[in-house]
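Participant: Any chance you can model this:
(one chain, ligands or ions: 3)
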Amino acid sequence: MTINHPSFGPVADDRVIIFDTTLRDGEQSPGFSMNLEEKIRMAKALEALGVDVIEAGFPVASPGDFESVQKIAEVVRESVVCGLARSGGKRDIEAAGEAIARAPRRRIHNFISTSPLHMKYKLRMEPETVLELIAEGNRASRRYTDDVQWSAEDGSRTEPDFLCRCVETAIRHGATTINIPDTVGFTTPEELQAIFAMLRERVPGADGVIFSTHNHNDLGLGVANTLAAVAGGARQIECTINGIGERAGNAALEEIVMAIRTRRDRIPFVNRIDTPQLLSVSRLLATITGFDVQPNKAIVGRNAFAHESGIHQDGILKNAATYEIMTPESVGWSKTSLVLGKHSGRAAFRDKLRALGYALGDNKVQDAFERFKVLADQKKTVFDDDIRALVDDETRDHERIRFVSLDVRAGSRRPAEAALELLVDGEIRKAEVTGNGPVDAAFTAIGTIFPHEATLALFSIGAVTEGTDAQARTTVRLQEAGKMVDGQGADADTVVSAVRAYVHALNKLLVKRERGEPEALSA
Ligand SMILES: CC(=O)SCCNC(=O)CCNC(=O)[C@H](O)C(C)(C)COP(=O)(O)OP(=O)(O)OC[C@H]1O[C@@H](n2cnc3c(N)ncnc32)[C@H](O)[C@@H]1OP(=O)(O)O
Ligand SMILES: CC(C)C(=O)C(=O)O
Ligand SMILES: [Mg+2]
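Facilitator: Ligands and ions are numbered 1, 2, ... in the order given. So this is what the prediction gives:
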C-alpha cells in the first residue's frame with residue numbers, strides 16, 4: 001500500500017526510508033562530540049550518500065547544538081533535516097522548529113517515554129499525563145512543519161494496550177511517522193516484529209503513517225531487530241554510521257543497507273543509499289571523532305574483505321564468490337586483499353609473487369614458500385618488502401656456497417658461540433667457533449668452513465619493514481685483491497641475515513675470481 005508522506009510524497013510499500021541519527025544519537029556516545037564545522041561536513045556526506053532524513057541534533061540541548069542544526073538546515077537541500085525535542089519539554093519544540101526553519105524539507109521529532117518503568121521513575125508522570133503531552137507536543141510541532149515524527153521512548157518495554165493508545169493519540173494529533181525505539185537494546189527480533197504487526201493491526205489510522213524502528217545494540221541485536229521490524233511493517237529505519245550511539249551504539253547504517261541489498265531475495269526493499277560511498281563516509285566519521293572501527297567490523301572494517309587463510313585465498317583466486325558475499329567495490333573498497341601470513345598457502349603466495357613481478361619456476365617458488373612459512377611463524381605481518389627480500393635471497397643462481405643453518409649463543413657473561421652449517425659445492429660443512437659477539441662468531445665460522453683472504457669493508461643492518469618483528473636487511477662488503485663486492489641478506493634473525501649477506505658477497509667474489517675480472521671499485 002502506498003502512503004502519502006508530507007516530505008516524500010507517495011511512498012511505495014517496498015521502500016524503506018533511511019533515517020540517519022549519527023549527528024544526534026551517535027554524538028551521544030561519550031567522547032564522540034563534533035564541532036560545527038565537523039557536523040556540517042558529516043551532514044553533507046550523509047546527503048551525498050543518499051540518506052533520506054538527517055537527524056541533525058537536539059536544538060534545545062545547547063546553543064552549539066541549536067546552531068549546528070540551523071546551519072545544517074541551511075546547507076542540506078535533498079535530505080529532510082530533523083531536530084529532536086521532548087514532547088513535554090518547555091522550549092524544546094520551539095527551539096527545534098526555529099532551528100530547522102531554513103531547510104526545504106524539515107521534520108520535528110518529538111518523543112516521550114511510555115514504559116511503566118520510565119514513566120514512574122524517570123518522568124514521574126501518570127500515563128494520562130504522558131498521553132496529554134504526546135497530543136500537545138505533536139500539535140505544537142505541526143505549527144512548524146507537516147512532517148512530524150513521534151517516538152515512544154522505551155517503546156519495546158511498553159505495555160501493548162498503552163502503546164496502542166499512545167500511537168493512536170500521536171497519529172490523531174498530527175504525527176506522520178511513528179517510531180517505536182528499543183531504547184535499551186532489550187528486545188528480540190520475533191518480539192519486535194510482533195509489536196509492529198500488532199500496532200498496524202490495532203491502531204486506527206496506522207495505515208496512513210510510516211512506522212519507524214530505532215534499535216540499540218546492548219545485546220548486539222540492533223541490525224537483526226531492525227530487519228525484523230521491517231518484516232513487521234516498519235518502513236523507516238533509524239541508524240548511524242559505524243553503529244555509533246548511546247552505550248553499545250545503534251544499528252549500523254552500512255550493515256542494514258548491505259543486508260537489504262545482498263539479501264534482496266529475503267528482504268525485498270529499496271532505498272536511495274549510494275553504497276560505494278559507505279567506506280568513505282565511515283572513514284570521514286572515524287577521522288572526525290578520532291575513533292576507528294574495529295578491524296572485523298562488517299562492511300567497513302579493514303578485514304571485511306581481507307583473507308589470510310590459504311584455503312580461503314585459494315577459493316577467492318578461483319572465484320571470489322566462494323568467500324565474499326558482496327564485492328568490495330560495491331561498498332567503496334578498491335579490491336579484495338589477500339594478506340600473506342602463517343595461515344596462507346601456495347596459491348596466494350604464487351599470486352603475490354606474480355603481482356610483485358617475479359616469474360619463478362616451481363622449485364624456486366617452493367623454496368621461497370618454505371622460507372616464507374618460517375618467516376610468517378615469526379612475524380605478525382608479512383609485508384611485500386618482506387617477500388621481496390626473501391625471494392631476492394632465494395633467487396640467486398650459480399652459488400657455490402649456500403646457507404643451511406645457524407645456532408648462536410650470545411650474552412654478556414661469555415664469548416659468543418656460533419654453530420654454522422653451509423652447503424659448499426653440494427656438500428654440507430660445519431663449524432663451531434667462538435667470537436667477540438654473535439656476528440663476529442658467525443663470520444669466523446664462515447672463514448673456518450670456507451677459508452678466504454677477503455676482508456670486511458662494510459657491514460650495515462636495517463629493518464625491511466616496521467616493528468620489532470621486522471626482517472633485518474644486511475649489506476656486507478668484501479674486499480679481496482682490489483676486488484670489491486656487496487652482498488645482501490634478509491631474515492627475521494639479525495645474525496642469520498648477516499650470514500646470508502656475507503655468503504652472498506663471498507659467492508659474488510668467487511664468480512669474479514672465476515671470470516678473472518679485473519680489479520673493480522665496487523660490485
Ligand atoms: C533515548 C534518548 O536518546 S533521549 C535523548 C537523550 N539526549 C540527551 O539527553 C542529550 C541532550 N540533553 C540535554 O542537553 C539536557 O538533558 C536537556 C537540555 C535536554 C535537559 O537538561 P535539564 O533541564 O538540566 O534536565 P536533566 O537533563 O537533568 O533531566 C532531564 C529532564 O527531562 C525530563 N524529560 C525527559 N524526557 C522528557 C520528555 N519527553 N518530556 C518531558 N520531560 C522529559 C526528565 O524527566 C528530567 O526532568 P526533571 O529535571 O524534571 O527531573
Ligand atoms: C529519542 C529516541 C528515539 C531514542 O534515541 C531512543 O529511544 O533510543
Ligand atoms: Mg536512541
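
Participant: and the nearest residue to Val408 once chain neighbours are set aside, how many neighbours?
Facilitator: Spatial nearest neighbour of Val408, chain neighbours left out: Pro438 (4.6 Å); criterion: Cβ to Cβ, 6 or more residues apart in numbering. Where you see a C-beta, it was placed from the backbone N, CA and C, and this is true even at glycine. Neighbour count for Pro438, taken as other Cβ atoms under 10 Å: 22.

Participant: One more: Gly83?
Facilitator: Residues lying near Gly83 (other Cβ under 10 Å) number 35.

Participant: Next: Asp393.
Facilitator: Count around Asp393 with other Cβ under 10 Å applied: 23.

Participant: Okay, now the unreliable bits of the chain?
Facilitator: Counting by pLDDT under 70, the chain contains low-confidence residues at 394-398, 515-523.

Participant: Please list the residues of it that sit near ligand 2.
Facilitator: Within the chain, the residues that sit near ligand 2 (Cβ under 6 Å from any ligand atom) are 25, 111, 151, 153, 179, 181, 183, 214, 216.

Participant: Taking those residues together, which two end up most distant?
Facilitator: By the measure Cβ to Cβ, Phe111 and His216 form the most distant pair in the residues of the chain next to ligand 2, at 14.1 Å.

Participant: residue contacts, the closest residue to Ala248 other than its chain neighbours?
Facilitator: Leaving aside its chain neighbours, Ala248 sits nearest to Asn217 (4.3 Å; criterion: Cβ to Cβ, 6+ apart). For Asn217, the contact set (Cβ atoms under 8 Å, 6 or more residues apart in numbering) comprises 185, 243, 245, 247-251.

Participant: what about burial for those, which qualify?
Facilitator: Using 16 or more other Cβ atoms under 10 Å as the burial test, the contacts of Asn217 include 185, 243, 245, 249-251 as buried.

Participant: Buried residues, the helix or strand where Glu370 lies. List them.
Facilitator: Counting by DSSP states H and E, the element that carries Glu370 is helix 362-378. Residues of helix 362-378 classed as buried: 364-365, 367-369, 372-373, 375-376 (neighbour count, 16+ other Cβ under 10 Å).

Participant: With stretch 204-213 instead?
Facilitator: Buried residues in stretch 204-213, counted by 16+ other Cβ under 10 Å: 206, 209-213.

Participant: I'd like to know which of these are part of strands.
Facilitator: The strands, defined by DSSP state E, take in 210-213 from these.

Participant: Surely Val331 and Ser282 touch.
Facilitator: No: judged on Cβ atoms under 8 Å, Val331 makes no contact with Ser282 at a distance of 9.1 Å.

Participant: anything in contact with each of these two?
Facilitator: Common neighbours of Val331 and Ser282 (criterion: Cβ under 8 Å, 6+ apart): 254, 299-300.

Participant: and the residue in the stretch 301-450 of the chain positioned nearest to ligand 1, what does it touch?
Facilitator: In the stretch 301-450 of the chain, the residue that lies nearest ligand 1 is Gly301 (25.8 Å; Cβ to the nearest ligand atom). Shown in contact with Gly301 (Cβ under 8 Å, 6+ apart): 293-295.

Participant: secondary structure class for the closest residue in space to Asp314 that isn't next to it in sequence?
Facilitator: Sequence neighbours aside, Ala347 is the residue nearest to Asp314 in space, at 4.0 Å (criterion: Cβ to Cβ, 6+ apart). Following DSSP: H, G, I helix; E, B strand; the rest coil, we place Ala347 in the helix state.
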